[in-house]
Every structure is written in C-alpha cells, then in structure tokens.
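Peer 1: Coordinates for the following, if possible.
(chains A and B)
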Amino acid sequence: MSEDAIHLDVQGIGKSFGATRALDDVSIPVHAGSVHAFVGENGAGKSTLGKIIAGVIAPDQGGLVLRGESVTFASPREALRAGIALVAQEVALVPHLTAPENVFLGVEPRRAGFVDRGAMRREFDRLAADAGFDLPATTRVGALPIAKQQQVEVLRALARDAALIVLDEPTASLSAREVERLHGIVRSFAASGGTVILVSHFLGEVLALADTVTVLRDGRVVSTGPAAAETEDSLIAKMLGRSVGRAYPPKEAAAADAPVVLAVRDLHAPGISGVSLEVRAGEIVGLAGLVGAGRSELVRAIYGAAPSSAGEVVVADRTLAGNPRAAISAGVTLIPESRKDDGLLLHRPVRENVSLSSLRGMSRFGFVARGRERRRVREALGQVAGTTATELPAIALSGGNQQKLLFARALLATPGVLIADEPTRGVDVGAKRDLYELIVGRAAAGLGVLLISNEIEEILGLAHRVLVMRGGRIVAELVGDEATESSILAAAFGTRTAA
Amino acid sequence: MTAAETTGLEPAGPSTAKRATALIGRAGILIPFLIAFVALSFISDSFLRFQNLANILDQQAGIIIVACAGTLVLIAGGLDLSIGAVYGFAGAASALVASNVSTPAGIAAGLAIGLIVGLANGVIVTRFRVNALIATLAMSFVVAGIGAIVTQGNLVVVFDHPEFQEFAATKIAGITSAAWMMIAIAILAIILLGRTVFGRYVYASGGNAQAARLGGVRVDLIKVATFALSGMAAALAGVIDASRVLSAQASSGQFLTFTVLTGIIVGGTSILGGEGSVPRTVVGCLFVALIANGFNLLGLDPFYQQITLGVILLLAVGLDAWSRRTD
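Peer 2: Okay, the predicted model is just below:
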C-alpha cells in the first residue's frame, strides 16, 4: 500500500443539531497508514466528525469515500463491516463479561451453533500477544482499570480486522505510563499499514503521534497539514482564530503570615495514609501526582464525601464533622472531578444548579425566596462570566459553561476554601483561561485554594506551592522555583534521590 | 445501497422530532385528557352532568392523594409498592378503632400506621441500601399479612358509628369532603415541590444523588421523608374510603398500587427519578378515571378497558424513554 493512497476521503460533510451547525462543508483526505489527528476547541465538531466516520451518526450533507468507493453507514455495525472501528472516550464494554467475550461479542467463533470457547481463547491470546497487551482472560472487564478496558476495546477493533481506527480522546482517563503504552500501540498499528484517526485535546500527544493534523473551528476546517510543521502555539492560534500564549495570569504571592484556613492533620482514609497539609488564605496549593496516587481520595476525605478512619480536618479552629454539609457550612466547597457524575443536576435549570448549596440562605420558613435566588444566581454567574440562560437545563451547556456553573455554585456558598479537582478537564482553551483568571483572582481576594490537575503545566502556572502525592502519601513539597516539571515528575514517579 | 435510504429518512431531523416530542411531552397528558373529556361530553349525555363529575372526583380522591405523595417518592428516586397494602390495612384498622373507640382515634390510628410503615420503608431503603422496589414489595407482604391477622380476613363494618362517615362524605358546596381533602393535598404537594427548599432537594436527590450529597443535601433524610409522606397518604386514602362506605377490608388495596403508578407515569413523571410534577400526576389519574368512566357510561366490556390502559401506559413510558435518548 503506497503511503500516498487515500484511505478515507471525507467530502463536504455537514451536520446540524437543531439550530447548531456542528459541521459545515468539511473535507479531509485521510491517507492510508497514517496517524491523522483532529483538534479543536470543545464544540468545534471533531468528535462529531469521528462519530460520522464510524457510522454512529449520519451526516446531513456530503459523504465518505472509502478507498475510492462512496459509502454510507447507517450504523456502527456497517462501518465495522467496512473496516472502520471507533474506540470512544467512554469505554463501551459489557462489564460482566471477560475480555475475550467482549472482544468477540457478536462474532464469536462457533462450532455447531455453540461458542467455541477454546478457539475464542486461542484467538484472543494471539491478538493480545500481537498487540503487546498483557490482559487477564478470565476476569470480568468491569473489574479492570480503565486503561486495560481501553486495550480490550482496541483488541475488539483489531479482532474485526479494522483497517481504520477512530480514537476519541483515548488518553483522557489514563495515567502517564498507560498513555505511553497506548501511544506505542497506535504507532505499531500505523506502521503495519493501519490508519488511525485521533481526536484529542492533548496537543502534546497530537504532536508526538500524528503525521497529519486537521484543525477544526466552529465546524469548519481551518487547516490540514503535516504535524511536523506545527507547534502547540500554532495549533492553539488556529483553534482560537487569534494568537494567545499559554500564559497564565500573574500570581501574587500569598502573605507568609496569612491565616491558615484549612489544616489537615494525619488524615487516614481508604487510599490515604497519614496526610497532613495546610492551606493559607490567598494561597493556591497544587496537588500533583499520577492517576491513582490518592489525590481525589484525599480531597474527598477532606470534604467529608468519603469516610476517614483517623486524623482531623480543621477549618477556622473548628474540626469538621466529616460530611459535605458540614464542610459547606464551615466554608469549604468542592468542585468535583466528574461534573456529570458528581456535580450537576443535568436536567434541572442552571438556576437550581447554582443555588443548590446555598438554598438555606435564600429561603424563609422553608420556602425559596425566588426573587433573591434569581438575583444572587445572576450575580454569581456574572462573577464567573458564565451563561445568562438561567432557565436552560444544565445538560444544554457546553463543558466550559457547565464548569463555570459549578464555580458559581461554589462561590455562592461563600467559601473560605475551594477544593477544585481537575477544574478544567474537558474544557476548551478559551474557557480555561477564564477559569484560571477566576481562580487566581479569588485567591488574591483571600480564598484558599487546593487545586488538583493532571496537567503539570497547569499546576506550575497557578500554584504558589506544590504538594506531590504517591501511594496515598505526600512525598514532596515544592515551593517557588523548586517546582518544575521534572522535579514534580521525579517525585511522582519516586525517582528522586533522598536529599 | 440500502443504507442511503435509511439515512435519507432523517434529514437534519432526529433532534427536531425529539424536540417536538419533548414539547408534546411537556404539555403531556393534558392533550389526551382534554380530547377524552370533550369526546365523552359529546358521546354520552350523562357525562357532563355535575353529579357524574362530582362522583368521579369523590371516587378518585383516595387514588389522587396517594399519587401526589407517590410522585414525590418517584422524583426523589424511590418507588413505593407498599401503598396498596398500607391503604387496606390502615382503612381496616381505622374502622376497627372507630367502631371500638371513637372516630378521631380511628383516623389517628390509620395515619399512624401509614407513618410507621413509611418511615420503615425509608430507613430500609436508605440505611440498609435495599433496592426500593424489593424493600417496599416485601413490606407490602408484611403489612398485608398483619392486616389479615388483625381483621381475621373479615370485612370490618362501622355501621354502628355513622359519624365515622362524616369524615369523608360530608358535602360542602355539592362536593364531598373526600374530594376537598384531595384538592387540598394536591395543592399542598404542588407548593411543597415547587416552592420549598425541601422540594428542590427532592428533585436534586432523584436527579443525581451523588451530586446532591456533595452539594450539601441530606439525600437519605429527604428520601425517608418522601416515603413517610407516601405511607401517610396511602393511610389517609384508606381511612377516607373506609369512612365513605362505613366498612373496610384489609385486602382491598391490591389494585390500588398499580392504578396509582399508572396515573403517575401516564402523567409523565419519570420512573428514573429527578423529573415529574404533581399537576400532571393529577391529570394522569383523572385521565385513567375518565377512560374507566367512559367505558362505564358507554356500556363497553371492562376487559377492553384494561387493554386500553395497558397500551396507554406502554405509550407513556415509551415516549419518555424515546425523548430521553441523546443522539
């Protein structure tokens, strides 16, 4: 197969959702044996395009030409038959079945009408060995870590002889090591003649993996060209349609004698052993570490969302009672890691979502004072530059606006301490900047912030002080210039030699 | 290329169609209700008489009271299948106490039973993490069994204390006190759900329990409260119906549970929690009653009525599931 052969030609695709034009006259040639990345802000249309290619949704206009032949897919099943498989952001496996059962679901090797389990197992072992995966064949996949589940998805695509795999945000929930492994698989798949379409937010990943990059903005193609000619800054400039540096707002150092607003003493909880830390008023403390190091477990224990077995959390000289309600009344609020699972009431109006934690202050005799509620919700949304459509259900907002909604809820509860767990995950570049400015601005006004992020750059850009976790403990405290990408990574991986 | 035809059928459109469905879903049951109402007015001479309408209200009083509280339970993410058993047992117990002690004591005894069973349901579901469907189904067996033992399976009559009838059958402005109680409780439930902090927490608990908890809502407490209200409402309905006919049978609530759930779900409250409204439940129950009344007035075979109800229920749930599907 020649390197220049076009595997899939996307021709003039258009797609609308209601009044929103998600894709408009999108044409992209995807070459065989290449890794082709789609990048863009949230809502730019990259995931929609990936889904159209994989037959999940049908385009309104335009079509796909697969190896010179015009094709139309009415379902993912038809796309699969044509050799196109989608590995979605959220894994779609049957949790109660084993890895081989999932891989061969619907195409089980049969003998006399019965599943030939022996053949299935042999075939699975061969596939896994070829891909270099080490997957248990008898465990239910629901019990496997996300990274392994994704490997099962990849094998499922390979088992169906897919020649083109669409990876939609494949590494969003993986740790650094798992990401590296997945990248290896992508490279070897492309090297053996397969084509990969990579939809990703992580520009570093895109530049490291892709041969070709297509930038989408507002449903249109901005550019398609070799990845080697791009940098993170050039991609961002194209995505935004203007040039911005990845600069973070300037941070003012917190006063060294500022009062301690949050003190955690020798806290023990599931996944956490003996953690002590302090956050001062006006200080942004970054919590770094690998996925699974116990960062989310720690903040959930501090907030009282998960039970702790020993130790105490002290806010303004009072020990917290260990439930979210007590934390909120003491002035501690949490912006949880997963806004859809733990944060939002998706089908309720924005107004009700924002006021949820502050209703007691806006009610009389148990009745909601609706005028006061509307006014204060609008004020809070104004402070975070959030949506003004307060009666829309939260599900109708973009990821960035949903996150701003949660910030508005937190601010409305007048916190002294804000715990933000991955506050910019799945948020587009423009909204990220808004959130950074918000966090820094609030800290300057005296808020103590505990910030978790998987993006080390984000921690470095925002935090005054960085705590690094490994194995449920804080293993390093890095202040000012000590905190660098390499010092944080070294501590997180445990490669740092004792000082 | 059969695929082309399939996709050609939905030009730009599943979302438009879905939004139209959602819109119809919001006006919801009101449209079929009005159609049925107008149709019956034309078809049957006796339908639009004040007496027939007042009778419908009187007969539906118990069901709508239970359904209003049941709506709260469903929105909070629960389900109460014990309402029929509570209805039967509380009615029989109140009749027993009323005939042996006094009318007020009878009413109080019935309500107390409802409160106790409701609280027990709530605690079992929240503390012991038993699935609400199973917990309340089991509770319905227990309560029905106790009812059968206490009444020895007999019809309890209160004919010697006619004042017990005044509780439900006193006419005010041509409408029975049972119907007035139903109206009052529906209004209370609407205010509770729409205007109070408690109501907000009910929606939050059922919509996303984890988010509600992290947002400072005592989700378990809210759920227990909805089960307690549901138990009390079922008991009140039992007392009302016992009072109306001056007799009660502990096993009389067998079909009530499903009639009530049909009314709630036809009204458009989701069995998945987090969404729903009391006015729609009231209209849903009245719609079911209209169908029954219509079959009655037209002298149609009641078996067709059951088939009709079943189809309507399936349509209501199917429509809900379809409008929830996101791309």
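Peer 1: Please count neighbours and contacts with C-alpha atoms only from this point.
Peer 2: Will do.
Peer 1: So A:Ala305 is in contact with A:Asn323, correct?
Peer 2: Yes - A:Ala305 is within contact range of A:Asn323, at 5.9 Å (criterion: Cα atoms under 8 Å).
Peer 1: quick one: contacts for B:Thr126?
Peer 2: By Cα atoms under 8 Å, 6 or more residues apart in numbering or on different chains, the contact set of B:Thr126 is B:220, B:223-224.
Peer 1: cutoff 6 Å now
Peer 2: B:Asp220 (Cα atoms under 6 Å, 6 or more residues apart in numbering or on different chains).
Peer 1: And the pLDDT for it?
Peer 2: Per-residue pLDDT puts B:Thr126 at 95.
Peer 1: Dihedrals phi and psi, the nearest residue to A:Ile395 once chain neighbours are set aside?
Peer 2: Sequence neighbours aside, A:Leu346 is the residue nearest to A:Ile395 in space, at 4.7 Å (criterion: Cα to Cα, 6 or more residues apart in numbering or on different chains). A:Leu346 adopts backbone torsions of phi -60, psi -30, taken as degrees, to the nearest 10.
Peer 1: just A:Tyr436 next, same as before
Peer 2: Taking degrees, to the nearest 10, you get phi -60, psi -50 for the backbone angles of A:Tyr436.
Peer 1: List, one by one, the residues from the stretch 51-200 of chain B near chain A.
Peer 2: Contacts of the stretch 51-200 of chain B with chain A, taken as Cα under 6 Å from any Cα of the partner chain, map to B:195-197.
Peer 1: What is the nearest of the residues you listed to chain A?
Peer 2: Taking Cα to the nearest Cα as the measure, chain A lies nearest B:Thr196 of those, at 4.1 Å.
Peer 1: Would you agree the closest one is in contact with A:Phe367?
Peer 2: Yes - counting by Cα atoms under 6 Å, B:Thr196 does reach A:Phe367; the two are 4.1 Å apart.
Peer 1: With neighbour numbers in mind, choose between the two.
Peer 2: B:Thr196 (21 against 18; other Cα atoms under 10 Å in any protein chain shown).
Peer 1: can you count the residues close to the residue nearest to A:Ile395?
Peer 2: A:Leu346: 21 neighbours (other Cα under 10 Å).
Peer 1: any idea whether A:Asp134 is helix, strand or coil?
Peer 2: coil (DSSP: H, G, I helix; E, B strand; the rest coil).
Peer 1: Excluding chain neighbours, what is closest to it?
Peer 2: A:Ala128 (6.9 Å).
Peer 1: Now for A:Ala112, how many residues are close by?
Peer 2: Count around A:Ala112 with other Cα under 10 Å applied: 6.
Peer 1: Which pLDDT does the model give it?
Peer 2: 83.
Peer 1: same check, this time on B:Ala17
Peer 2: Among the per-residue scores, B:Ala17 shows a pLDDT of 61.
Peer 1: How about B:Ile83?
Peer 2: Turning to B:Ile83, the model gives it a pLDDT of 97.
Peer 1: what about it, distance to B:Ala67?
Peer 2: 10 Å (Cα to Cα, to the nearest Å).
Peer 1: Comparing the two, which residue is more hemmed in?
Peer 2: B:Ile83 (35 against 31).
Peer 1: so who does that one touch?
Peer 2: Shown in contact with B:Ile83 (Cα under 6 Å, 6+ apart): B:234, B:257.
Peer 1: what are the phi and psi values for it?
Peer 2: phi -60, psi -40.
Peer 1: where in chain A is pLDDT low?
Peer 2: The model of chain A has pLDDT under 70 over residues A:1-4, A:18-20, A:42-43, A:89-91, A:172-175, A:240-247, A:495-499.
Peer 1: Near chain B, which residues of it are found?
Peer 2: Listed as neighbours of chain B in chain A under the rule Cα under 6 Å from any Cα: A:18, A:60, A:74, A:324-325, A:342-343, A:345, A:357, A:366-368.
Peer 1: Tabulate those residues in JSON lines, adding columns for secondary structure.
Peer 2: Listed next are the residues of chain A next to chain B as JSON lines, based on three-state DSSP:
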{"residue": "A:Gly18", "secondary structure": "coil"}
{"residue": "A:Asp60", "secondary structure": "coil"}
{"residue": "A:Ala74", "secondary structure": "coil"}
{"residue": "A:Pro324", "secondary structure": "helix"}
{"residue": "A:Arg325", "secondary structure": "helix"}
{"residue": "A:Asp342", "secondary structure": "helix"}
{"residue": "A:Gly343", "secondary structure": "helix"}
{"residue": "A:Leu345", "secondary structure": "coil"}
{"residue": "A:Ser357", "secondary structure": "helix"}
{"residue": "A:Gly366", "secondary structure": "coil"}
{"residue": "A:Phe367", "secondary structure": "strand"}
{"residue": "A:Val368", "secondary structure": "strand"}
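Peer 1: what about stretch A:370-383, distance to the chain center?
Peer 2: Here the centre of stretch A:370-383 is set off from its chain's centre by 29 Å, with Cα atoms, centre = their mean, to the nearest Å.
Peer 1: Touching it from outside, list them.
Peer 2: A:362, A:408.
Peer 1: Next, the buried residues of it.
Peer 2: For stretch A:370-383, a neighbour-count test (16 or more other Cα atoms under 10 Å in any protein chain shown) marks A:373-374, A:376-381 as buried.
Peer 1: Does A:Ala137 belong to a helix, a strand or coil?
Peer 2: Assignment for A:Ala137 (three-state DSSP): coil.
Peer 1: same thing with B:Val66?
Peer 2: helix.
Peer 1: just the one 5 residues further on next, same as before
Peer 2: Assigned with three-state DSSP, B:Thr71 falls in the helix class.
Peer 1: B:Gly84 now?
Peer 2: Assigned with three-state DSSP, B:Gly84 falls in the helix class.
Peer 1: Show the contacting residues for it.
Peer 2: Contacts of B:Gly84 (Cα under 6 Å, 6+ apart): B:253-254, B:256-257.
Peer 1: switch to 10 Å and redo it
Peer 2: B:66, B:90, B:140, B:143-144, B:231, B:234-235, B:237-238, B:250-260 (Cα atoms under 10 Å, 6 or more residues apart in numbering or on different chains).
Peer 1: Parallel or antiparallel, list what pairs with the helix or strand hosting A:Ala476.
Peer 2: Here A:Ala476 sits within strand A:473-479, counting by DSSP states H and E. Strand A:473-479 sits in its sheet next to strand A:465-470 (antiparallel), going by DSSP bridges.
Peer 1: one step back: surely the residue nearest to A:Ile395 touches A:Ala396?
Peer 2: Yes - A:Leu346 is within contact range of A:Ala396, at 8.3 Å (criterion: Cα atoms under 10 Å).
Peer 1: Overlap of the contact sets of these two?
Peer 2: With Cα under 10 Å, 6+ apart as the test, A:Leu346 and A:Ala396 both reach A:Gln402.
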